[in-house]
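**Student:** Build me a model from this:
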Amino acid sequence: MTRWISRVACAAVLSASVVAAVTASAQTDTATTRFDVNGLQVIVRRNTANDVVAANVYLLGGTQQLTPAIQGIEDFLLQASERGTKNFPRETVRQQLSRLGSTIVIRPSEDWTLIGFTTTRAVFDSTWAILADRLMAPTLDSNEVELVRARMISAVRDAETSPDPLVSRLADSLAYVGHPYGFAPDGTESSLRSIRLSDLRNYQATQMVTSRMLVVVVGNIERSRIEQLVQNTLAHLPRGNYTWTPPHAPAKLGRALVVREAQLPTNYIRGYYAGPAANDPDYQALHVATAVLSGRFFTEIRSRRNLSYEVDAPFIERAIASGGVYVTTVDPNTTLQLMRAEIDRLQRELIDPRGLERLVQQFITDYFLKNETNGDQATFLARAQIYQGDYRAASRFVDDLRRVRPEDVRRVARQYMHDFRFVYLGKPDLLSPALVDQF
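**Tutor:** Numbers count the residues shown, from 1 in each chain. Next up is the predicted model:
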C-alpha cells in the first residue's frame, strides 16, 4: 500500500484546499438546482471561479438499449451527426467548432451515452446550438454514414490488437453473459457492419426523446440562460415515455476462465466478480475494500516482488458494481498466489481502524483529484441523479465513505470477492488453471 498512500498523500498536500472546497460545496450546495423541461431533466451547478462551462447530455439506458445485432448503434448515430445536421451542413460543424475553440465529445458506456462539451461562457450558446442540432436533426447522408462506419470499424480492429482494451472487453463479455453489460457500447465489427442507414434513422426517430435525457451543466452560467436554451432546442423533441431502471442483477454464473494465446512480453490477467447495486449500502464499503486491496497488491506484487509494472483491484462504478483483479506479469502463477493470499487476508482479518480512517481520507482526496474538472463534476452529479434518484445524494458521498468500518470491509470482501470470471491473454503454458479456480 506504500505507493498508493504516498502518491495520494503528495497530491493531498497540493490540493487539500481544492478537495475541501469541493466537499463543502457538495454538502451545502446552494449553487445547484434541478428542473424539468418537457420531461427533460436539467441540473445546473453555478461555479463562478472562472468562465469555463461544461455541458453534458446523458442519454439514459446504455447497453440496455442494445441487442447483439445493434451493439454500438447510439454511438454510431452520434458519430454520424458530426458529418452534418439541418442547421450545420457537413463541414460547417467542424468549422464552427474550430472557430469557437470547442470540442464535442461522445462517450458510450454501460448505463448511458454521454455527449457533451467544455467551452467558455462567451461562446457557450453557439456551442450548445451545434450540440443540440446534432441530437435533434442529423442529416445522416448515406455517403457520410459509410465514412463513419469505416472509421468505427477501424477503431474496433485497433482495440482488438491492443492488449489492455482487448482483455477488458473479453472480461466484460465473460462476466456478463446474458446481461446487457456484456454488450459493447461502442459496437463490434459484426454489429457495425450490419446496422443499416434505416436503423439509424429509426433510432433517431424513436429514441431521441426528452424522457431519456439528463442535461447537467457546471460552470459560470445562470440557470435562466440554460433553461431558455433547452426550451428553444431539445425541449422540442418528443417527450416519449422512457423511465430509467437499473439493469437486472447478473446471473450467478460461477467461476470461469478464458485463455487467449498471445506472444507478448508480459501476460495480462483480468477477473471480475459481481458487486452490489449502486443504491445498496454495501456499494461504498466495497469501493473502500477494493482500494485497500489495490494498495496491498501493489506492495506485495510490484514493490516487494517486482512481478508487475501494473497491478490493481478495480472497482467498476455502474448501476450494478463489479470488482476484480488486474495485472500484467511475467510470472502469472506466483502473482495469482499472492493475490489469493491478500484476498484471504482481507476476508479474515480486521483492518486497523486508524489506518482505515487515513486510507479513506486519502481515497477521498484521490477521487476528487480525478474528478475536479467541471465535466467530471457534471458526471458526479449525474451519477447521483441516475443511480440514487436525487443529485443531492452526491453530497453524502464523503460521509458514506467515512462511515465504512473495518467490519464492513471484511464483510463485503467475504460476501462479494468470490466466483471470479477470468480472462488470460498471454502464454498459456505459464498459467496453472488450478490457481485461477481458487478464486
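
**Student:** In three-state terms, label residue 321 for me.
**Tutor:** Following DSSP: H, G, I helix; E, B strand; the rest coil, the label given to residue 321 is strand.

**Student:** wait, doesn't it sit right on residue 276?
**Tutor:** Yes. Checked against CB atoms under 8 Å, the pair residue 321 and residue 276 is within contact range at 5.9 Å. From N, CA and C alone the C-beta is placed, and that goes for glycine too.

**Student:** Give me the common contacts of those two.
**Tutor:** Contact criterion CB atoms under 8 Å, 6 or more residues apart in numbering; residues bridging residue 321 and residue 276 by contacting each: 283, 286.

**Student:** which residues does residue 49 contact?
**Tutor:** Listed by CB under 8 Å, 6+ apart, the contact set of residue 49 reads residue 220.

**Student:** Just confirm it is within a strand.
**Tutor:** No. Under three-state DSSP, residue 49 falls outside any strand and is assigned coil.

**Student:** And the strand or helix carrying residue 382, what's buried?
**Tutor:** Taking DSSP states H and E as the definition, residue 382 sits inside helix 374-388. Neighbour-count burial for helix 374-388 flags 374-387 (criterion: 16 or more other CB atoms under 10 Å).

**Student:** For the stretch 51-200 of the chain, give me the ranges with low pLDDT.
**Tutor:** Under the criterion of pLDDT under 70, none of the stretch 51-200 of the chain is flagged as low confidence.

**Student:** Just the strands from it, written as ranges.
**Tutor:** Ranges of strands within the stretch 51-200 of the chain are 52-60, 103-108, 112-120, based on DSSP state E, counting those that start in this stretch.

**Student:** which neighbours does the shortest one have in its sheet, and in what orientation?
**Tutor:** Taking DSSP bridges as the criterion, strand 103-108 pairs within the sheet with strand 112-120 (antiparallel).

**Student:** Flag every buried residue along the strand it pairs with.
**Tutor:** For strand 112-120, burial by neighbour count (16+ other CB under 10 Å) applies to 112, 113, 114, 115, 116, 117, 118, 119, 120.

**Student:** Next: stretch 60-73.
**Tutor:** Neighbour-count burial for stretch 60-73, with 16+ other CB under 10 Å as criterion, is recorded at 60, 61, 62, 63, 64, 65, 66, 70, 71, 72, 73.

**Student:** now do stretch 186-206
**Tutor:** 186, 187, 188, 189, 191, 192, 195, 200, 203, 204.

**Student:** What of stretch 425-436?
**Tutor:** In terms of neighbour count (16+ other CB under 10 Å), stretch 425-436 has its buried residues at 425, 426, 427, 431, 435, 436.

**Student:** Select, from those, the two members most distant in space.
**Tutor:** By the measure CB to CB, 425 and 435 form the most distant pair in the buried residues of stretch 425-436, at 16.2 Å.

**Student:** quick check, nearest of the buried residues of stretch 186-206 to residue 290?
**Tutor:** The shortest distance between residue 290 and any of those, using CB to CB, involves residue 186 and amounts to 25.1 Å.

**Student:** I'd like the distance between that closest one and residue 63.
**Tutor:** 10 Å (CB to CB, to the nearest Å).

**Student:** Thanks a lot, catch you later.
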